[in-house]
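A.B. asks: need coordinates for the following:
(2 chains)
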2 protein chains.
Amino acid sequence: MAAPAQLDRAIIENIVRQIVLAQAGSATKGNILTRSASEGTYTPNLVCSISARHCHLTDEHVEILFGPGAKLIPEKNLYQDGFFAAEQTVMIVGPRRRMLPNVRVLGPTRPASQVELAFTDAISLGIDTPVRHSGDIKGTPGCVLVGPKGVVELQEGVIRAARHVHMSNRDAEHYGVKKGDFMKLRIESPQCAVVFEDLLVRSDATSKLEVHIDTDEGNACFLDGATQVELQKQTGDCKCKH
Amino acid sequence: MAAPAQLDRAIIENIVRQIVLAQAGSATKGNILTRSASEGTYTPNLVCSISARHCHLTDEHVEILFGPGAKLIPEKNLYQDGFFAAEQTVMIVGPRRRMLPNVRVLGPTRPASQVELAFTDAISLGIDTPVRHSGDIKGTPGCVLVGPKGVVELQEGVIRAARHVHMSNRDAEHYGVKKGDFMKLRIESPQCAVVFEDLLVRSDATSKLEVHIDTDEGNACFLDGATQVELQKQTGDCKCKH
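C.D. replies: Modelled structure (predicted):
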């Protein structure tokens, strides 16, 4: 059975799959694969990233799973500064002993461990996973994490990450939104165009403009084939109701 | 390894997973889980179904895979009259010997065998699957089908089925569309609202109104949690551009 190693490659590829499509403001069309050089006006550079299933761990859980004194070893930097995909992976075991063999750990470590799955993953594991924003794990299902040196039984922390968009305060000002607002993202791709609503704005002083969707969402809209992406304020006054 | 049998159950559940949400015309909101009883006007009953991975077979391939004289045995009727999920399943083997162990066969048989996968499935198999409408398989990738009595090497026929909507001519008239037009479907669900564009209209005299999306699309929009679905004509004159 060579499947685990093969799956793992796919996961790594997926984690770092990103589509960078510049947009010249939400009202302008054009060659959207080229960044518009508009003088005098600020044009955010929109990145849409697919987050494949992954987990975040506490320092304590890293040591249990990978041995006393173990630290996460960065393998690839993520788009947001300071975050990385680690060399380490864990096995996620759900109810009835279904499992995902190689789930990537992302760093740095956190105050609480958390597993982020697409619904496809959760269904295959048999876990009824709620849609939550990162960190909001109270009352969510748990699972078993198996590493090369130990096992952790999570009492909670398995979520489907709700879609969201990171941005700087400058980007937020550009779009006319603030932290906690919702936006929508239209992906145009061959035969698979999709508008995702309900993107939570997570803005701060330094984040780069980046939408995070999961593999189900990325596959639904055929993000790899996308020819245009547009991020828009989600308002209630649209005449066509979306 | 009990995984194959467990996977199979999930597949069967998925194949028959359907959301029936009535709508009182595209401009009306209301309690959409209740069918509106509008006298005098025709109100289509909209069904949105998730097609899990499955295959269609020729008579010849049924006999190769399941033995001389074998026929497909209906296990569950699908929503469209005359179509069924068969008792039979096949193993789909892709490049580098990755496989999906129990892929449901749908009946009746067809002039050409065809495998319909979500991108998640296709990626796990390592098949670069194009988005095609059913029956349009020229130049698509092949795969190996393994049954209890034999093996078929498909030279082509593996597709991601493009989203589409079946309807009667009466429904088409109601929506102001015709066969070959495109529509869009808005799914409202908790934190996961999505508008799917590019739904091909497949209308004829007798089909029931039913949208077909795949598991990636159904998971992306959290169809199981949907509170409202709206099917709308896809027009170019929308001010918000989608």
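A.B. asks: so for the helix or strand where residue A:173 lies, what's the average pLDDT?
C.D. replies: Assigned by DSSP states H and E, residue A:173 falls within helix A:169-175. Helix A:169-175 comes out with an average pLDDT of 96.
A.B. asks: which SSE is immediately downstream of that helix?
C.D. replies: Per DSSP H and E, the first helix or strand lying C-terminal to helix A:169-175 is strand A:182-188.
A.B. asks: ok, that following strand: who's next to it in the sheet?
C.D. replies: strand A:194-204 (antiparallel), strand A:228-233 (antiparallel) (DSSP bridges).
A.B. asks: contacts for the longest one next, please.
C.D. replies: When contacts are defined by C-beta atoms under 8 Å, 6 or more residues apart in numbering or on different chains, strand A:194-204 is touched by residues A:133, A:162-169, A:171-172, A:177-187, A:211, A:213, A:217, A:220-221, A:231, A:234, A:242, B:191-197, B:220, B:242. All C-beta atoms are positioned from the backbone trio N, CA, C, and that covers glycine.
A.B. asks: buried subset of the residues you listed?
C.D. replies: Neighbour counting over the contacts of strand A:194-204 (16 or more other C-beta atoms under 10 Å in any protein chain shown) leaves A:162-168, A:171-172, A:177, A:181-187, A:211, A:213, A:217, A:220-221, A:231, A:234, A:242, B:191-197, B:220, B:242 as the buried ones.
A.B. asks: quick one: residue A:59 and residue A:109 touch, right?
C.D. replies: Yes. Using C-beta atoms under 8 Å, residue A:59 makes contact with residue A:109 at a distance of 4.9 Å.
A.B. asks: between those two, which one's more packed in?
C.D. replies: Each of residue A:59 and residue A:109 has its neighbours counted (other C-beta atoms under 10 Å in any protein chain shown); residue A:109 has more, 17 against 14.
A.B. asks: residue A:115 against residue A:103, yeah?
C.D. replies: Yes. Residue A:115 is within contact range of residue A:103, at 7.2 Å (criterion: C-beta under 8 Å).
A.B. asks: what about the two, which has more around it?
C.D. replies: Neighbour count, other C-beta under 10 Å: between residue A:115 and residue A:103, residue A:115 has more, with 31 against 24.
A.B. asks: wait, what's in contact with that one?
C.D. replies: Counting by C-beta under 8 Å, 6+ apart, residue A:115 has contacts A:53, A:54, A:55, A:92, A:103, A:143, A:145, A:154, A:157, A:158, A:159.
A.B. asks: and those, which of them are in strands?
C.D. replies: Counting by DSSP state E, the contacts of residue A:115 place A:54, A:55, A:92, A:103, A:143, A:145, A:154, A:158, A:159 in strands.
A.B. asks: sorry, back to before: need the contact partners of the helix holding residue A:173.
C.D. replies: Contacts of helix A:169-175 (C-beta under 8 Å, 6+ apart): A:26, A:42, A:44, A:167, A:178-179, A:183, A:201, A:203-205, A:209, A:231-233.
A.B. asks: quick revisit: just curious, which of the contacts of residue A:115 is nearest to residue B:86?
C.D. replies: residue A:53 (31.7 Å; C-beta to C-beta).
A.B. asks: check contacts around the closest one.
C.D. replies: Contacts of residue A:53 by C-beta under 8 Å, 6+ apart are A:11, A:92, A:100, A:103, A:104, A:115, A:116, A:117, A:118, A:121, A:214, A:215.
A.B. asks: may I ask which of those has the most neighbours?
C.D. replies: Neighbour tally across the contacts of residue A:53 (other C-beta under 10 Å): the maximum, 31 neighbours, falls on residue A:115.
A.B. asks: okay, and for chain A, where does confidence drop off?
C.D. replies: A:1-40, A:236-242 (pLDDT under 70).
A.B. asks: show me what the residue nearest to the spatial centre of it is bridged to.
C.D. replies: For chain A, the residue lying nearest the average C-alpha position, counting by C-alpha atoms, centre = their mean, turns out to be residue A:51 (3.4 Å). Here residue A:51 sits in beta bridges with residue A:214, going by DSSP bridges.
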